[in-house]
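# sequence-free structure coming up:
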């Protein structure tokens, strides 16, 4: 996140390294978990292809979903050459710190209203970048407790700084959708490391969070109050020309599309035509015409590809989540597989929550972030039983 579009080189490099591996794959590599992940990632892409074949539309609609399939060779590469948990967490920590530093630079130095807005700097999107910063921040918080438990206090402190930085990046982006499930994930982390919560650690973290909260409270309060005001304007004055009001109208439009064609949706061209018709009929406000998507991944999939598309999206999240949950129960905290599994759970939960108020996976950054991190965490879970070195 040091530069806009900085997420692209690593997946491309991994894919290039993975291509030769495809010619040496052994059947033993295709375990039940690998087959399930192939099913989840492939289904999401092939449902898009099926929609284009049935309803027509621009073939570019399949471009970003194809990233899920293109990520699978990376999985095979990492199954043969498993990732190292310490190196992976180090990368997450650096990413979280950089995300916060860039956000502070955007807001305090460039005087941008929201970090990652892209008006003065290219390649950023506030919602996508803010959500990614939140994920990196909370994964760094997990690493904070993990290294504290291993009595590596300096490393733990560095990860705590990285966690605060990543969360700061999310707050300065003003992306409220990234805050929805963050408290639940925070509780999830604290629950797993509850035995480490000594009075000293609790005091240090409480003071740090208090100071950070005091600094960022005005930004959070402003964004939350704005959301309440938008809801009030929508419900009492029927005003749809606000961030929240426009989303309500887009969600209504997507729901009407699903009601008309629940099985396989309207298709991409049909969805646009249906939305225009809903405006003409007075079912939704014309503000929806300013947006190309429903700002809700689940409703968008349902509107364009019906219950089949919605099922494919849920599988994309549910199957990896179930695999990570199983590995988290099979291994203990001293096992690297347990660490990978916990990171995978946090990752899937957060991305699934981002999709409630944003078409997170309709952007290359979102699809690459979700699919690449998912296969990395899964490959780490599936490596042969090995305790994490001290």
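Right, received. Where do you want to start? All of these numbers come straight from a predicted model, not from anything done at the bench.
# Quick check: closest non-adjacent residue to residue 145.
Taking CB to CB, 6 or more residues apart in numbering, and ignoring the residues beside it in sequence, residue 145 has residue 193 as its nearest neighbour in space, at 3.8 Å. Placement of C-beta: from N, CA and C, glycine included.
# so what's the backbone phi/psi at residue 335?
phi -90, psi 140 (degrees, to the nearest 10).
# From residue 86, how far off is it?
Going from residue 335 to residue 86 by CB to CB, to the nearest Å gives 14 Å.
# can you check residue 121 too?
32 Å.
# buried residues in stretch 231-248?
In terms of neighbour count (16 or more other CB atoms under 10 Å), stretch 231-248 has its buried residues at 233-234, 239-240, 242, 244-248.
# Mind picking the one among those that's closest to residue 16?
Among these, residue 247 lies closest to residue 16 (CB to CB), at 39.1 Å.
# and the closest one, what helix or strand is that in?
helix 243-260 (DSSP states H and E).
# Quick one: distance of that helix to the chain centre.
Relative to its chain's centre, helix 243-260 lies at 22 Å (CA atoms, centre = their mean, to the nearest Å).
# now the helix or strand that it is followed by: mean pLDDT?
Next in sequence after helix 243-260, counting helices and strands by DSSP H and E, comes helix 267-280. What helix 267-280 shows for mean pLDDT is 92.
# What distance do you get for residue 91 to residue 262?
From residue 91 to residue 262 the distance is 43 Å (CB to CB).
# Which parts of this structure are helices?
9-18, 32-55, 66-70, 72-80, 85-104, 126-149, 153-173, 182-192, 199-237, 243-260, 267-280, 297-330, 336-354, 364-382 (DSSP state H).
# Pick the most buried one from these.
With neighbours taken as mean count of other CB atoms under 10 Å, these reach their highest mean count in helix 126-149, at a mean of 26.
# That one packs against which elements?
Counting contacts by 3 or more CB pairs under 8 Å, 6 or more residues apart in numbering; DSSP states H and E, helix 126-149 is packed against helix 85-104, helix 153-173, helix 182-192, helix 336-354, helix 364-382.
# closest one to residue 69 among these?
Closest of the helices and strands packed on helix 126-149 to residue 69 is helix 364-382, at 9.1 Å (criterion: CB to CB).
# now that closest one and helix 32-55, what's the angle there?
Interaxial angle, helix 364-382 versus helix 32-55 (axes from the mean of the first three to the mean of the last three CA atoms, to 10 degrees): 150 degrees.
# what mean pLDDT does helix 364-382 have?
The average of the pLDDT scores along helix 364-382 is 95.
# Next one: the residue minimising distance to the centre of the chain, what pLDDT does it get?
In the chain, the centroid-proximal residue (CA atoms, centre = their mean) is residue 351; its distance is 2.8 Å. Looking at residue 351, its pLDDT stands at 97.
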